[in-house]
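Student: can you look at this prediction? I've put the sequence above it.
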Amino acid sequence: MILRAAKYALDNPRYFARYFVGGPDRLLSLVGPGTLREYRAEMPPSQEGYWQRRQCAFLYALVRALGPKRVVETGVFEGVFSTAILQGLHDNGFGRLISIDLPARKPIQGSTSLYRTKQTRQQCLPPGRWPGWRIPDHLLPRWKLHLGDSRHWLRPVLEDLGTIDLFFHDSLHTYDHMTWEYETAWPHLTSKGLLVSHDIHWNRAFLDMAGRHDRTDYACWGFGVLRKEEP
């Protein structure tokens, strides 16, 4: 998978560079008020490493600016990104997060194989731990977790909710699976809703999704973002 990502970077140098250094404030200005610096100042202190702090701050800012009522996430692992989303919902004073995760009891190629955290430095959940174990207790009332494959859970979750304001993909990063999740979630997004994906540099699934739906693709700090309707 590392070699595949490297090949994609060589084939798409501008996009790959934008993925890592894209300006967050330009994107945030299309979503709602506030800058990344302003939102970051509101976040609780974090023990994550430098790059992951940046990523969490970006997710938190997106949630604060968008003000979503319903967020659906695939891929939880330890819950670092889930915490950023939930903290944003908490600070907004409304909204809930519904997550789907197949517990990584062993390394899952294309999912957690490149995942590292400052705390664990490992590719699977610690013994006795469940997905989201690092989410603080005060954020749990806004969270619901479905354990299992997103191919089993995603459709019924979306059908039960009807519409969602934000969809976040961070599960299996293969072209087919990413495409399936994107297309499954897309019809349920509200007109101002966002499709957000992690690790879009591993293949062309995100770029192809933007092309099929004629949407501007935004890339920043490890994430890709599509708006349901152009601004």
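Tutor: Sure, I can see it.

Student: can I get stretch 217-229 in CSV? Just the C-alpha atoms.
Tutor: Taking Å, rounded to 0.1, in the frame of the first residue of the first chain, the C-alpha atoms of stretch 217-229 are listed here in CSV:
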residue,chain,number,x,y,z
ASP,A,217,-12.3,18.8,-5.0
TYR,A,218,-10.6,20.4,-2.0
ALA,A,219,-7.6,18.8,-0.4
CYS,A,220,-6.0,19.9,2.8
TRP,A,221,-3.8,18.4,5.6
GLY,A,222,-4.6,14.8,4.9
PHE,A,223,-8.2,15.2,3.9
GLY,A,224,-10.3,15.6,0.8
VAL,A,225,-13.6,17.5,0.9
LEU,A,226,-16.5,17.7,-1.5
ARG,A,227,-19.6,19.9,-1.1
LYS,A,228,-22.9,18.5,-2.1
GLU,A,229,-23.7,21.7,-3.9
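
Student: partner strands of the lengthiest strand in the chain and their direction?
Tutor: As assigned by DSSP state E, the longest strand anywhere in the chain is strand 189-198. With DSSP bridges as the test, strand 189-198 is paired with strand 164-169 (parallel), strand 223-227 (antiparallel).

Student: for the record, mean pLDDT for it?
Tutor: Per-region confidence: strand 189-198 scores 97 on mean pLDDT.

Student: for that strand, the distance to its chain's centre please.
Tutor: Strand 189-198 has its average C-alpha position 10 Å from the chain's average C-alpha position, going by CA atoms, centre = their mean, to the nearest Å.

Student: and the next helix or strand past it?
Tutor: Moving toward the C-terminus from strand 189-198, the next helix or strand (DSSP states H and E) is helix 205-212.

Student: strands paired with whatever helix or strand comes next after that next one, and their directions?
Tutor: Next in sequence after helix 205-212, counting helices and strands by DSSP H and E, comes strand 218-220. Strand 218-220 sits in its sheet next to strand 223-227 (antiparallel), going by DSSP bridges.

Student: for the most centrally placed residue in the chain, name its beta-bridge partners.
Tutor: The centroid of the chain falls nearest to residue 168 when counting by CA atoms, centre = their mean (3.8 Å). With DSSP bridges as the criterion, residue 168 is bridged to residue 73, residue 196.
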